[in-house]
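> Below are the sequence and a predicted model; questions follow.
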Amino acid sequence: MIYFLIYLFLEVSVSINIASSIGAFATFAELIISALVGFIIIANFRVTLVQSMQALMTKSISMEAFQRLNVFTIVGAILLILPGFLGDIIGICLQFSFFATLFAGKILHKDIMTENQNFSEGKNDEIIDVEIIDDNATRLK
């Protein structure tokens, strides 16, 4: 929740500063153009998905990279559709794989490190302790 409020504050601050610098008509034109670009990206997403699938089949990228790149493409397109200059800047950056992997590395690295730390401390809830009893050794012939 706090991150959303920080983003909202930054979005309003950046939008007010840029809109006051470039004027009302340029701001309106930017909003319309960025929304159109976002809709075009979503409409052409299947082409991007096919290219990513081909790269995955040739093992040029890993499954994690495949998922991250496609998710960030959609998130970037949605940010372009929504009004606001900061969202447009982030949306454009997410369309380039370099920025998407950099962004994912910063966010997902924390999650991976936390998961590894929890695993090493024995806090992983996915591990089930099981005892195997061999029935063949206890049967009498």
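Perfect, thanks for sending it.
> now for the helix or strand residue 76 falls within, which elements pack on it?
Using DSSP states H and E, the element containing residue 76 is helix 63-81. Judged by 3 or more Cβ pairs under 8 Å, 6 or more residues apart in numbering; DSSP states H and E, the packing partners of helix 63-81 are helix 24-43, helix 45-57, helix 85-94, helix 97-120. Quick note: C-beta positions are derived from backbone N, CA and C, even for glycine.
> mean confidence for the longest one?
Computed over helix 97-120, the mean pLDDT rounds to 59.
> same thing with stretch 78-89?
Mean predicted lDDT for stretch 78-89 stands at 94.
> for stretch 7-18, same thing?
94.
> That stretch: which residues count as buried?
Neighbour counts over stretch 7-18 (16 or more other Cβ atoms under 10 Å) mark 11, 14, 15, 18 as buried.
> outside of that stretch, which residues touch it?
27, 84, 85, 86, 87, 89 (Cβ atoms under 8 Å, 6 or more residues apart in numbering).
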